[in-house]
Every structure is written in C-alpha cells, then in structure tokens.
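[1] Take this sequence and fold it.
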Amino acid sequence: NVSVIKNPIQTDVIDQMKKEKIKINYQYILAVGRLNKLKAFDVLIRAFHRAKIERNIKLIIIGEGKKRQELENLINDLDLSERVKLAGLKSNPFKYMYNAKFLVSTSTYEGSPNVVIESLYCGIPVIATDCPTGPSEIIQNNYNGLLVPVNDIDKISNAIKNLYSDKIFYNMLKKNSKESVSSFHNDIIS
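    Residues are numbered from 1 along each chain as shown. A predicted model of the protein is given here:
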C-alpha cells in the first residue's frame, strides 16, 4: 500500500504576507521561478508577445538565475522593455500573487510546483504547461486554471489571451482557485 503525502502550504504565513502593500498601479500577469532552462521563461515571453493583449497589462517575472541576460536580450529584441519586468528575487512573493491577474508556469519539468499551489491559494487562476508531473495533479483544466502543452507558444499565447479577455470564464476559474487547493493546507497534511 502506498500513500502520497502532498507538499503542504503554510496558509497562515501566506494569509499574513499576501496583504502587504505593493507599489504597482497596473494590472499584471505573474510568473515565479529560477531564471533557468527548465522554467522556459523565453517561451512565456514569446507567448505574451504573441497574445497581443492590451498594452496596459504587464508581465512580471519574479526570480533570478543564469538566463537573466538572455531573457533581457529577448525582451529588448521583442520591444517589450515597457511591458515585461524581470523583478529579481522577492522576500514576499505572495503579495505579488494575491494582486496578479493570473499566474503562468511554462516549466518543461516539475515535481510538485509550490508556486502553482500558492497562487491558487491566493485566489488567482493558473495557466500551466502539462509537463510529465506536477501541474496536472493540481490544475483541473477549465476549473481552476488551464493546462497547455509544453513549449507550445501558440497554445500558451491563446490561453493568455482567452483568460485575459473572457471575463465570465476568468471569474469562474478565480472563484474555484482557493478552494481547489484546500487539501494542501498545512494542518491537513500534518
């Protein structure tokens, strides 16, 4: 017999930290993770560019890593320096999650992606690549988020466009987000 014990999220910590004020006065889509090949932020940046959603919404990527310069070059090449921000490391990512429109995870591989669970707990829908493990165990497609093929810029772009422009669909996913990860609460896992 095998039992799977899920990664817990510290709901009390998230509830406290998500309420901190942020100095951002625009709508944004969020991504969080190391700036490395596995996170495929280059794919996300290209998909965001291709989605051609309103110019007043931005993409913020929280994290640091070896691919920073390469991503900065891509942002400049696509003329997105006013719309895509590499925000570096943040001691409190939860306030960014809580205030985001939605989160996008373009990883080519995941274990148990805590950022997806934490974002849903903060009440924001998630677009995630359906890599071999992880996201499909958390995301219920068209219920609390969207699953898209790995490295498929067109499908990721369409998901971004759809989630941003379809207010009824967006609100349904948002409504389901927090409750969908109730089994990950630290008191339940403990």
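[2] CA atoms for contacts and neighbours, from now on please.
    Fine.
[3] For the chain, which segments count as helices?
    Under the criterion DSSP state H, the chain contains helices at 11-17, 41-51, 68-77, 94-99, 114-121, 153-165, 167-180, 186-189.
[4] Minimum distance to Asp130: which of the ones you listed has it?
    Evaluated over the helices of the chain, closeness to Asp130 peaks at helix 153-165, with 10.9 Å, by Cα to Cα.
[5] Please name every helix or strand in contact with the closest one.
    Contacts defined by 3 or more Cα pairs under 8 Å, 6 or more residues apart in numbering; DSSP states H and E place helix 153-165 against helix 41-51, strand 126-129, strand 145-148, helix 167-180.
[6] what angle do that helix and helix 167-180 make?
    Here the directions of helix 153-165 and helix 167-180 differ by 100 degrees (axes from the mean of the first three to the mean of the last three Cα atoms, to 10 degrees).
[7] And the contacts of helix 153-165?
    43-44, 46-53, 127, 146, 148-149, 169-170 (Cα atoms under 8 Å, 6 or more residues apart in numbering).
[8] What is the burial count for the residue lying closest to Gly111 once chain neighbours are set aside?
    Closest residue to Gly111 apart from its sequence neighbours, by Cα to Cα, 6 or more residues apart in numbering: Gly134 at 5.3 Å. Neighbours of Gly134 under the rule other Cα atoms under 10 Å: 18.
[9] For the spatially most central residue of the chain, give its distance to Pro93.
    With distances taken as Cα atoms, centre = their mean, the residue of the chain nearest its centroid is Leu103 (2.5 Å). Separation of Leu103 from Pro93 (Cα to Cα, to the nearest Å) stands at 12 Å.
[10] I'd assumed Leu147 was in contact with Pro132.
    No: with contact defined as Cα atoms under 8 Å, Pro132 does not count as touching Leu147 (11.8 Å).
[11] Who has more neighbours out of those two?
    For Pro132 versus Leu147, neighbours defined as other Cα under 10 Å are more numerous around Leu147 (23 against 12).
[12] Return the residues in contact with that one.
    If a contact means Cα under 8 Å, 6+ apart, then Leu147 has Ile127, Ala128, Thr129, Asp130, Pro135, Ser136, Ile139, Gln140, Asn141 as its contacts.
[13] Tell me how many other residues surround Asn141.
    So Asn141, with other Cα under 10 Å, has 15 neighbours.
[14] Beta-bridge partners for it, please?
    Gly145 (DSSP bridges).
[15] And Ser112, its phi and psi?
    The phi and psi values for Ser112, taken as degrees, to the nearest 10, are phi -120, psi 100.
[16] Also the one 10 residues further on?
    In terms of degrees, to the nearest 10, the main-chain angles of Cys122 are phi -80, psi 0.
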